[in-house]
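Chemist: predicted coordinates and the sequence they were generated for:
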Amino acid sequence: QVQLVESGGGLVQPGGSLRLSCAASGSIFSINTMGWYRQAPGKQRELVARITSGGSTNYADSVKGRFTISRDNAKNTVNLQLNSLKPEDTAIYYCVADVKAITTMRHLDYWGQGTQVTVSS
């Protein structure tokens, strides 16, 4: 089995910063793309940012220049630095990883349980 565990969410004032982390563990053979999605109340889940194993990144237009995604391939971790936060960034943030598990040798997306980010004064 493969598990993804996020950490780092919380309450922050507008203009503030947070750092989200996600660690993948379990029967992992390899990981391709890792990323972050978010879902605000009453809205669909949307892509925030993703990063390939080679380090290529892409971001949602709404977070470009404010959020930075990074990963440590040796540790199977992905981070999201959130700067200049706005109230509209309030959402549950989910980590996702395209993992080739040892038990199946097939690629499958695995999701974390989500971490709440609230931006409010």
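Modeler: On my side now, so go ahead. Please read these numbers as outputs of a predicted model, since none were measured by experiment.
Chemist: got the contact list for the host helix or strand of residue 37?
Modeler: Using DSSP states H and E, residue 37 sits within strand 28-39. By C-beta atoms under 8 Å, 6 or more residues apart in numbering, the list of residues contacting strand 28-39 from outside reads 2, 20, 22, 24, 45-53, 69, 71, 73, 76, 78, 80, 89, 91-102, 105, 107, 114, 117. Backbone N, C-alpha and C define where each C-beta goes, glycine included.
Chemist: and the spatially most central residue of the chain, how far is that from residue 51?
Modeler: When the chain is reduced to its mean C-alpha position, the closest residue under C-alpha atoms, centre = their mean turns out to be residue 36, at 2.7 Å. To residue 51, residue 36 is 9 Å away according to C-beta to C-beta, to the nearest Å.
Chemist: now do the shared contacts for the two.
Modeler: Counting by C-beta under 8 Å, 6+ apart, the shared contacts of residue 36 and residue 51 are 69, 78.
Chemist: circling back: sort out for me which of the contacts of strand 28-39 are in strands.
Modeler: Those of the contacts of strand 28-39 mapping onto strands are 2, 20, 22, 24, 46-51, 69, 71, 78, 80, 91-101, 107, 117, per DSSP state E.
Chemist: which ChimeraX command selects the buried ones in these?
Modeler: A single ChimeraX command selects the buried members of the ones in strands among the contacts of strand 28-39 (16 or more other C-beta atoms under 10 Å):
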select :2,20,22,24,48,49,50,51,69,71,78,80,91,92,93,94,95,96,97,98,99,100,101,117
